[in-house]
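> After the sequence you'll find the predicted model.
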Amino acid sequence: MLLLTLAGGLGGWYLRDLSAGGNARTLVASAPVMLARQAAVAHTVFSADLRRPVEVGADQEQALVTWLSRRLGANVRAPKLAPLGYDLIGGRLLPGQSGPVAQFMYQDAAGQRLTLYVSHDQVQNHETGFRFAQEGRVNVFYWIDGQFGYALSGSLARPELSRIASSVYEQLAPVVTAPAPTPAAPN
């Protein structure tokens, strides 16, 4: 029921743009901003839930990653944030702008939670650098990398969230390998 309400609210937001004279180009241009907004809403809704904040717990991390990858149609990974003081507690599948999205949730020793929102429906967007948004008390760093959109959300100070977002980016960035050197021709 909660997911339907969340999806309905987000759908209404899009229709509001269209009925106000917006068009598909406006929606495409605002897609990264909508990614941040959806991530903040999902963070607010699920991080407050003490009994069941995730669908699949961290004790089943491989099953969670496999399931989310299959549902998104692309390989996703849960970054390792334990060196920064945040342990994975699990994740869930959520509705996105035009398909499913993944949400990974982390928690520190004091109970502070972070969520990473991962979308694979960013085909209309170009790569972007880090962007910052604030939705109420939730700060969000978000970026587009190829067909993936990422948003890290939490009620942390901007510098701390930026530090963690940088670590997430480094872990999820595609590995670019240099071509092997060609052997020198014999003289």
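Arrived safely, thanks for sending. Numbers count the residues shown, from 1 in each chain.
> next structured bit after the helix or strand of the chain with the lowest mean pLDDT?
In the chain, no helix or strand scores lower on mean pLDDT, DSSP states H and E than helix 24-29, which sits at a mean of 38. Counting by DSSP states H and E, the element after helix 24-29 in chain order, helix or strand, is helix 31-47.
> by contact count, what packs against that following helix?
Secondary-structure packing of helix 31-47 (3 or more Cβ pairs under 8 Å, 6 or more residues apart in numbering; DSSP states H and E): helix 2-19, strand 100-107, strand 113-119, strand 131-135, strand 138-145, strand 148-154. C-beta here means a position set from N, CA and C on the backbone, and glycine is covered the same way.
> Leu68 and Arg163, how far apart?
Leu68 sits 25 Å away from Arg163, going by Cβ to Cβ, to the nearest Å.
> Looking at those two, which is more packed in?
Leu68 (26 against 13; other Cβ atoms under 10 Å).
> Give the helix, strand or coil label for that one.
Classification of Leu68 using DSSP: H, G, I helix; E, B strand; the rest coil returns helix.
> what sits against it?
Val76, Gly91, Leu93, Ala102, Val118 (Cβ atoms under 8 Å, 6 or more residues apart in numbering).
> which stretches of this structure have low pLDDT?
Filtered on pLDDT under 70, the chain yields the residue ranges 1-31, 122-127, 174-187.
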